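Trainee: let's see this in three dimensions:
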Amino acid sequence: SHSQLDLLLIRALRRIMQDAIEDPDLRNSNTDREILAALEAEDLRRLGPESADTRRQRWERLETRLLRWWADRHSAAGSGRQILQGLIRFCRYTRPDLRESCRRWLATGECEPVGQELEGLSAWNGELEREEFSLQALRVLGLLSGLDAPLILVFDQVEGLWDENNRPVLVRFGEVVRELFTHMPHTLILVALFPDRWQRFQRDFDGSITGRVGQHVIPLEAPRPDQIEEILDMRLESLGVKAVELFSEEDLEQIVRMPSLRSGLRSEEHTSELQSQF
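Mentor: Model (predicted):
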């Protein structure tokens, strides 16, 4: 019943509230223990119904604890604090219009509140501010995830970045991956590339980028032709046929020996053959 963002915040807040309750220098109350019980049960409904004063007080208490934790360990200034507020407001509301208002602020910086859901959050505009906000948001998510489990980012199927028309996107991708390593030190970042693309990646970027991306390189053995044919048969199970029934022996041999199975199946000749079969 929870989104990934809900669970990330629940588990991070649970750790923060546990530490706060165990801290002898902080004044705790029954409200803190009730909040912790709801977080331990991973059931935000236990914080109270939408319009109840008890729910509002508990969420305000949660926000206060979260912002104090951030100020003590990171910084009381900067966009990180506002991002935390935006995230907790997004999870706080159940009314679709209030939740959408918080989501829109997180995604675009627009600040047109329905009620008081965006109180204390300011609009952010301009490309530089948007880029800085995005990087800080990733940093915040990375630090929050470190309270529960490391955040894992996977970049797969990026072959299209090497198309000539995508050159600006490729350059920006390399720069952003380097920034992610800098801003999110406790995150596992996986970039899946074909061997020839990895060689081009090393030629396209300097050591400040390739050194970070290539901290650990794990070469994967290409599947054998018989394994590729098994993959084809698995994909065709729903149609009740096998690859040998669709393709001639020569065509099947050509498909399973191509560098990319996808490109082999998408070739004009084999696409026409498949269409004629069905």
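Trainee: now do the buried residues in stretch 229-242.
Mentor: 229, 232 (16 or more other Cβ atoms under 10 Å). Every residue, glycine included, has its C-beta placed from N, CA and C.
Trainee: typo on my end, it should be stretch 192-201
Mentor: 193, 197-198, 201.
Trainee: and residue 21, how far is that from residue 63?
Mentor: To residue 63, residue 21 is 17 Å away according to Cβ to Cβ, to the nearest Å.
Trainee: correction: residue 226
Mentor: Applying Cβ to Cβ, one obtains 58 Å for the distance of residue 226 from residue 63.
Trainee: comparing those two, which residue is more hemmed in?
Mentor: Neighbour comparison, residue 226 and residue 63: the larger count goes to residue 63, with 17 against 8 (by other Cβ atoms under 10 Å).
Trainee: need the contact list for that one.
Mentor: With contacts defined as Cβ atoms under 8 Å, 6 or more residues apart in numbering, residue 63 is in contact with 85, 88.
Trainee: buried set for the helix or strand containing it?
Mentor: If you go by DSSP states H and E, residue 63 is part of helix 53-73. Neighbour-count burial for helix 53-73, counted by 16+ other Cβ under 10 Å, picks out 55, 58-59, 61-63, 65-67, 69-70.
Trainee: what's the closest of the residues you listed to residue 41?
Mentor: For the buried residues of helix 53-73, the residue nearest residue 41 by Cβ to Cβ is residue 58; the value is 13.8 Å.
Trainee: roughly how far apart are the nearest residue to that closest one once chain neighbours are set aside and residue 99?
Mentor: If the residues on either side of it in the chain are set aside, residue 58 comes closest to residue 47, at 4.8 Å by Cβ to Cβ, 6 or more residues apart in numbering. According to Cβ to Cβ, residue 47 stands 15 Å off from residue 99.
Trainee: show me which of those two is the more surrounded one.
Mentor: Counted by other Cβ under 10 Å, residue 47 and residue 99 do not tie: residue 47 has more neighbours, with 21 against 17.
Trainee: is it true that that one touches residue 56?
Mentor: No. Contact criterion Cβ atoms under 8 Å: residue 47 and residue 56 do not qualify, at 9.5 Å.
Trainee: for residue 124, see how far away the one residue sitting closest to the centre of the chain is.
Mentor: When the chain is reduced to its mean C-alpha position, the closest residue under Cα atoms, centre = their mean turns out to be residue 153, at 6.2 Å. Taken as Cβ to Cβ, the spacing of residue 153 relative to residue 124 amounts to 23 Å.
Trainee: for residue 46, list the residues it contacts.
Mentor: Remark: with contacts taken as Cβ under 8 Å, 6+ apart, residue 46 is in contact with 34, 37-38.
Trainee: let's verify it: helix, strand, or coil?
Mentor: Judged by DSSP: H, G, I helix; E, B strand; the rest coil, the three-state class of residue 46 is helix.
Trainee: then the one 4 residues further on?
Mentor: The three-state label given to residue 50 by three-state DSSP is coil.
Trainee: for residue 190, same thing?
Mentor: Here residue 190 takes the strand state, with states given by three-state DSSP.
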